[in-house]
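A.B. asks: coordinates for the following, if possible.
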Amino acid sequence: MASVFVYDETRAASEPQPAVSMGRLALREPRVAAAVRAMEQALDRPLPAEALARRAGVSLRRLEMLFREHLGASPGAYYLSLRLSAARRLVTDTALPLAEVAERTGFASLSAFSRAFRRHAGMTARKARAMARAGRASPSGREGGH
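C.D. replies: Model prediction:
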């Protein structure tokens with residue numbers, strides 16, 4: 001019941017909503033929260049899993065178990081999801097070239113970014129950008145005017 005009264009710190013409107021409530025996660029499992037914070041601070045240069053485990057103060061095996069227990073994913077899968085969520089925001093909310101979006105979210109090449117984005121979003125980054133622009137231009141703000 002006490003977790004109902006845990007609030008995350010205030011963010012600017014332009015900052016992304018975290019994938020998990022860091023306040024609740026920090027209370028339930030501070031080691032996982034420490035690793036997630038490290039991930040969020042290093043989206044452009046992904047940290048190796050061993051470095052995340054060191055920051056969390058646990059072995060790599062223990063970190064993997066904690067992530068699966070508390071987040072339902074491996075550290076690598078969770079990190080990739082964070083990076084791709086950030087990439088999607090950059091694709092849909094900015095006019096940055098896709099190569100720069102790839103660089104800012106830690107992808108070694110535009111082609112690696114494009115493949116990962118398509119698997120994650122179910123469409124290409126160019127299509128996601130076009131749909132976002134069309135959605136902002138339509139009176140209802142939704143694709144297809146529904």
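
A.B. asks: and the most centrally placed residue in the chain, what is it in contact with?
C.D. replies: When CA atoms, centre = their mean is applied to the chain, the residue found nearest the centroid is residue 82 (1.7 Å). By CB atoms under 8 Å, 6 or more residues apart in numbering, the contact list for residue 82 reads 19, 36, 39, 40, 43. All C-beta atoms are positioned from the backbone trio N, CA, C, and that covers glycine.

A.B. asks: give me the three-state assignment for the last one.
C.D. replies: To tie it back to what came earlier, the one meant is residue 43. Secondary structure, DSSP: H, G, I helix; E, B strand; the rest coil: residue 43 is coil.

A.B. asks: look up phi and psi at it.
C.D. replies: Backbone torsions of residue 43, given as degrees, to the nearest 10, read phi -70, psi -30.

A.B. asks: mind checking how far it is from residue 28?
C.D. replies: Using CB to CB, to the nearest Å, we find residue 43 at a distance of 24 Å from residue 28.

A.B. asks: kindly report the same for the second one.
C.D. replies: With the distance defined as CB to CB, residue 36 ends up 12 Å from residue 28.

A.B. asks: who has more neighbours out of those two?
C.D. replies: residue 36 (26 against 15; other CB atoms under 10 Å).
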